[in-house]
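J.: Model the following, please.
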Amino acid sequence: MDYFRPIAMTDPVRPAGALPLAGGWCWFDRVEHLMREGSRGLIPAADLPDDVKARLTAPRAPIAGLSFNRPRIMGILNVTPDSFSDGGRFSAPEAAITHARNMAEAGAEILDIGGESTRPGADEVQVQEEIARTAPVIAVLRDTLPGIPVSIDTRKAEVARAALDSGAAMVNDVAALSFDSALGPLVARRGVPLCLMHAQGTPATMQADPRYDDVLLDVYDYLADRVALAEEAGVPRDHIVIDPGIGFGKTVEHNLALLRGLSLFHGLGCAILLGASRKRFIGAIGAAERAEDRAPGTLAVTLAGIAQGVQIHRVHDIETIVQGVRLSLAIAPGVGR
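T.: Below you'll find the model as predicted:
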């Protein structure tokens, strides 16, 4: 099988014939031709097969009301007692709502609320408990932050249904429809966007010696299969977001390989979400043992993703990330305008 990784550029001086990457702020005129046997080197973008060229260049449809003429920041709202990043600081509804408002004021454009921890080693939460943690908070946010869409981070159809009934506008499934077969048809009936993430194993087992033949191509193939499954369930491709699942069943080297090759995933024809915020590999490389000390490393990864055209960035430290992104976009004339 052939794979094509566009070499993303943001320089304001574009050569004749350069193509837009996913209709966004990046362009490309060269592509790395990859196969399972290894790289075949660079080829001109003009030589791409027509179907590949169409998927790499077509503008992505808005998701939850957000267009992708510029990068979008998704704020993480964990209403769990055992999150790896905030240790349950926002598990109480009042604290969660206050934190959500603070993130919106700091520049978050969409909020992702989760009631089940996906940290390494986490156990499954019962459906009714997950609903009780998330649905009431979503209902308050719907009324108090009407301009900020809310995504429900869940693997379960019943939790998603309760969240959508309470005002959620998107479903973010870390299991990519592999946990609950009813979730895809539910999303299709409701006509909301769906994020599909790659993970090797479950949260309880995913960091137990993860292995890949080629992590970049393996994750790409997995997501291609899950996108096809979602389409079979009735979810249109332009309603689908894909997430390579940084830190979910990956070593430090696996994560770095995915980050280096992020532009490959534009070939799926979907918007891309990057969720690397405060992850353990950032602490390992950046010598930051505590999760809350990893904002600078998260910003570096976020900017690397933006340089490859990644549209949605799921982060904890909104003020830091928004400031860095604004400076980055200001330095590159014409990017994200």
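J.: since we're on Val325, how many residues are nearby?
T.: 22 (other C-beta atoms under 10 Å). Every C-beta, even on glycine, is put in place using the N, C-alpha and C of the backbone.
J.: surely Lys250 meets Leu256?
T.: No - with contact defined as C-beta atoms under 8 Å, Lys250 does not count as touching Leu256 (9.3 Å).
J.: Give the intersection of the neighbour lists for these two.
T.: Phe281 (C-beta atoms under 8 Å, 6 or more residues apart in numbering).
J.: which of those two has more neighbours?
T.: In this view Lys250 and Leu256 are compared by other C-beta under 10 Å, and Lys250 has more residues nearby, 26 against 16.
J.: separation between the more buried one and Leu217?
T.: 14 Å (C-beta to C-beta, to the nearest Å).
J.: all helices for the stretch 101-250 of the chain, in order.
T.: 127-144, 157-166, 183-190, 215-232 (DSSP state H, counting those that start in this stretch).
J.: Mind checking those helices for the one nearest to Met9?
T.: Closest to Met9 of the helices of the stretch 101-250 of the chain is helix 215-232 (C-beta to C-beta; 19.9 Å).
J.: most neighbours per residue, which of the helices of the stretch 101-250 of the chain?
T.: helix 157-166 (a mean of 22; mean count of other C-beta atoms under 10 Å).
J.: helices and strands around that helix, which ones?
T.: Helices and strands touching helix 157-166, by 3 or more C-beta pairs under 8 Å, 6 or more residues apart in numbering; DSSP states H and E, are helix 127-144, strand 150-153, strand 170-173, helix 183-190.
J.: For Asp165, list the residues it contacts.
T.: So Asp165 contacts Ala135 (C-beta under 8 Å, 6+ apart).
J.: Pull up the per-residue confidence for it.
T.: Asp165 is assigned a predicted lDDT (pLDDT) of 98.
J.: distance of it from Ile138?
T.: 9 Å.
J.: residue contacts, Leu258?
T.: Here Leu258 is in contact with 215-216, 219, 244, 246, 250 (C-beta under 8 Å, 6+ apart).
J.: Now it: which helix or strand?
T.: Using DSSP states H and E, Leu258 sits within helix 252-260.
J.: Now the element after that helix, going C-ward?
T.: Defined by DSSP H and E, the subsequent element after helix 252-260 is strand 271-274.
J.: ok, that next one: who's next to it in the sheet?
T.: Strand 271-274 has its sheet partners listed here by DSSP bridges as strand 240-243 (parallel), strand 312-315 (parallel).
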